[in-house]
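Peer 1: what would the 3D arrangement of this be:
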Amino acid sequence: MTTTSLAVLVPLLPFLGAVAGLLLGRTAPGFVRPLAVLPPLASLVIAVLVAVRQGGDQAVSAATELTPTGSVPIELALYIDGFAALVAVLVGVVATCVQIYSTGYLQDDPRYPSYAALVSLFTSAMLLVVYSGDLIVLLVGWEVMGICSYFLVGHYWETPEARAASIKAFLVTKLGDVPFLIGLFALATDAGSFRITTVLGTVASGGLHHPTLIALLLLAGVAGKSAQFPLHTWLPDAMAGPTPVSALIHAATMVAAGVYFVARLLPVFQASSAAMTVLAVMAAVTMAGSALAALAQDDIKRVLAYSTIGQLGYMTGALAVGDRGAAVFHLLAHGAFKALLFLAAGVIIHASGTNSLAVMSRMKDLRTRVPDAYWTMTVALLALAAIPPFSGFFSKEAVLGAAEHVATGHTEQAPGAAGWIVLVAGLITAVLTAAYATRLWLLAFRGRGTEAPDHGRQPLTMTAVLWVLAVPSLAFGLLYGPLPDWFDGRDLTPVLTTSVLGTGLALVGGLVTYGAWRQTTVLAARVPLGAVAAHPGRDAGQVEAEAIASHAPAFGDVAYVPDPADPGRLLLGPLHRHAAVGFHLDAVYTVLFVRPVQAAASLVRFLDREVVDTYVRAAGALPRWLGAAVRRAQTGNVQTYVSALLAGTVVLVVAALLVATGA
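Peer 2: Alright, predicted model coming up:
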């Protein structure tokens, strides 16, 4: 079987699994779980085979005209280079793990059949984006992912949070998709084709007439899909969906699609220095801002959501300095450890019964309740913090090394300013990333207070998947030696300067956070338990002062206060309350967009009801009144009719006499 034929099966199998799952979900529920797991598993095996055959050599390319258009042709095309081959394997691994995990996580959910089918469709759409060699076919997968995310984020539609989150995710991403679509058409017009190879050839020959405009239009769509500033606000709210969905969206689909798209069409963006600088600024703001927000979140899933936004900022930063090899390398490493983080978080939430880190911090021995999640999440957090030899160190170092080369003028594949912006922001974010990773670990696993609830062992389908994902989270980065064949020959060996700086700053961030946690924990222990119970959530110093002043007795128990025992509050100081709400971007968007739209809608509704409907009601009222008058004359009384007849006759006789007399 040819490589092309095998590649067609990779997105096709999950699609067929989704269709079969929807058709058989009610009539044959026993087939739902096999149909959920086996198609993505088979797709993964085939994707690995395609990657082995491709081997990082010449790209596999094939196309057939989909339909005659009379102008720019639309082709059903495949274009599989080293990037596509590896990303498809990542999608297959994460999707299979998510489906297996979901069989335990949602085992009693009545809507599991539709959920599993949508996850398979989501997977198929992402694989179509990865393998597509035509921009319109890629757009189809791009939009199918959007609608799948709407349904999956809103899976728990009974809750207002899930409904609002699904609508927000759909609207914000669609807001970016409008300029994205315009940019695709403009790009195809300049190139004379939607075929990716043709577009890249046009760029190489200098045939793009409006490179800056096209690049900026495309970046709007990328910012929406990959949750980059300023269109990132939908992603933290999307945590209202099931945790396995969060793992899929954050690790291997949806948000990875935008980064992958820029990597595939990077020469288009490199044709404009202005676009590359804008990309660098967007990446820098996204990295630093999201890391600060993550340090202030209480919901464990929102911490990980802001973490994803920041790590995507690293990827776009690598693209901003013209190194797509580093960007995709970090995409792959991040996909493994972020999927592990979310799935481990799901186990912790399942065991503790809460998403709140403040509540978890008051549970002792939670780590003994979930040993699999404890050890695997520790591995994933070390990878996230870029501590060697975990995978995140090598991939993040590749990004920082690429930025350093551009900033110091060793390479000229991007503006030097872009290199400095990405490098400085990346180093600052390294400190903050280690800080919020350490904070999450301490609050979740080093809590003090009451015994953590014991719900028994988690399902094997949930815990086994964690260990599967722990392997690439630990060891994937060590493959940087053989990987360059799949990355345009890019040398991924760590650079000494940025390695020392990045690791040193990460260690500083972790140690400072640990010191802050120790300080706040001691302070919390000094507060009398009665005072804390009477004033939950109050500032520790204020509560302690009031307790001492009132001579409130201590009951001998250690009072672990949620707010003051949070090292993030101490580290951020007055910035904490702003970071906790995402620096009020939602409030800004409400003022700038939501309220004007609501006001316009209210005006339109008023005009429709009070003006347009007035004419419509008047047009109906006149015949109604005439009909009522005629109806009053039709009484059905014979005497009335005879009287009217006689009266009419008299009137006619009188009129005739008057006429005759006048004559």
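
Peer 1: next, the buried residues of the helix or strand encompassing A373.
Peer 2: If you go by DSSP states H and E, A373 is part of helix 371-384. Buried residues in helix 371-384, defined by neighbour count with 16 or more other C-beta atoms under 10 Å: 372-374, 376-384. C-beta: built from backbone N, CA, C; applies to glycine.

Peer 1: okay if I get the residues you listed as a markdown table plus pLDDT?
Peer 2: Output for the buried residues of helix 371-384, formatted as a markdown table (pLDDT from 0 to 100):
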| residue | pLDDT |
| --- | --- |
| D372 | 93 |
| A373 | 93 |
| Y374 | 94 |
| T376 | 95 |
| M377 | 95 |
| T378 | 95 |
| V379 | 95 |
| A380 | 95 |
| L381 | 96 |
| L382 | 96 |
| A383 | 95 |
| L384 | 95 |
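
Peer 1: nearest to A599 among the residues you listed?
Peer 2: Closest approach between the buried residues of helix 371-384 and A599, by C-beta to C-beta: L384, at 42.8 Å.

Peer 1: all strands for the stretch 301-450 of the chain, in order.
Peer 2: Ranges of strands within the stretch 301-450 of the chain are 363-364, 450-451, based on DSSP state E, counting those that start in this stretch.

Peer 1: which residues sit against the last one?
Peer 2: Spelled out, it's strand 450-451. 362-365 (C-beta atoms under 8 Å, 6 or more residues apart in numbering).

Peer 1: what sits against V129?
Peer 2: V129 neighbours (C-beta under 8 Å, 6+ apart): 138, 141-142, 145, 257, 260-261.

Peer 1: now intersect the residues you listed with the helices, please.
Peer 2: Judged by DSSP state H, helices contain the following of the contacts of V129: 138, 141-142, 145, 257, 260-261.

Peer 1: which secondary structure elements does the helix holding A373 contact?
Peer 2: Helix 371-384 sits against helix 324-352, helix 391-407, helix 416-445, helix 460-475, with contacts defined as 3 or more C-beta pairs under 8 Å, 6 or more residues apart in numbering; DSSP states H and E.

Peer 1: those helices: which one's closest to T503?
Peer 2: Closest among the helices and strands packed on helix 371-384, using C-beta to C-beta: helix 391-407, at 7.0 Å.

Peer 1: mind exporting the closest one as PDB, just the C-alpha atoms?
Peer 2: Extracted in PDB, the C-alpha atoms of helix 391-407 (Å, rounded to 0.1, in the frame of the first residue of the first chain):
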ATOM      1  CA  SER A 391      11.400  17.200  27.600                       C
ATOM      2  CA  GLY A 392      10.300  20.800  28.200                       C
ATOM      3  CA  PHE A 393      13.900  21.800  28.900                       C
ATOM      4  CA  PHE A 394      15.100  20.800  25.400                       C
ATOM      5  CA  SER A 395      12.200  22.200  23.500                       C
ATOM      6  CA  LYS A 396      12.000  25.500  25.400                       C
ATOM      7  CA  GLU A 397      15.800  25.800  25.100                       C
ATOM      8  CA  ALA A 398      15.500  25.400  21.300                       C
ATOM      9  CA  VAL A 399      13.100  28.400  21.300                       C
ATOM     10  CA  LEU A 400      15.400  30.600  23.500                       C
ATOM     11  CA  GLY A 401      18.500  29.500  21.500                       C
ATOM     12  CA  ALA A 402      16.800  30.500  18.300                       C
ATOM     13  CA  ALA A 403      15.800  33.900  19.700                       C
ATOM     14  CA  GLU A 404      19.300  34.500  21.000                       C
ATOM     15  CA  HIS A 405      20.800  33.700  17.500                       C
ATOM     16  CA  VAL A 406      18.500  36.300  15.900                       C
ATOM     17  CA  ALA A 407      19.000  38.900  18.600                       C
END
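
Peer 1: how far does it sit from its chain's centre?
Peer 2: Averaging C-alpha positions (C-alpha atoms, centre = their mean, to the nearest Å) puts helix 391-407 24 Å from its chain's average.

Peer 1: now do the buried residues in the host helix or strand of A619.
Peer 2: Element membership of A619 [criterion: DSSP H and E] is helix 613-633. Going by neighbour count (16+ other C-beta under 10 Å), nothing in helix 613-633 comes out as buried.

Peer 1: can you check stretch 588-595 too?
Peer 2: Y589.

Peer 1: how about the contacts made by the residue lying closest to F390 once chain neighbours are set aside?
Peer 2: Counting by C-beta to C-beta, 6 or more residues apart in numbering, F390 lies nearest to A383, which is 3.9 Å off, once chain neighbours are set aside. Contacts for A383 (C-beta under 8 Å, 6+ apart) come out as 333, 336-337, 390-393, 473-474, 477.

Peer 1: of those residues, which is the nearest to T202?
Peer 2: A333 (32.7 Å).

Peer 1: count the neighbours of L200 for me.
Peer 2: By other C-beta atoms under 10 Å, 17 other residues sit near L200.

Peer 1: quick one: which helix or strand includes it?
Peer 2: Applying DSSP H and E, one finds L200 within helix 196-204.

Peer 1: what's that helix packed up against?
Peer 2: Against helix 196-204 (3+ C-beta pairs under 8 Å, 6+ apart) you get strand 74-80, helix 135-153, helix 160-191, helix 266-270.

Peer 1: just give the nearest non-adjacent residue to the most centrally placed residue in the chain, would you?
Peer 2: Closest to where the C-alpha atoms of the chain average out (C-alpha atoms, centre = their mean) is L235, at 4.3 Å. Nearest residue to L235, sequence neighbours excluded (C-beta to C-beta, 6+ apart): A227, at 4.0 Å.
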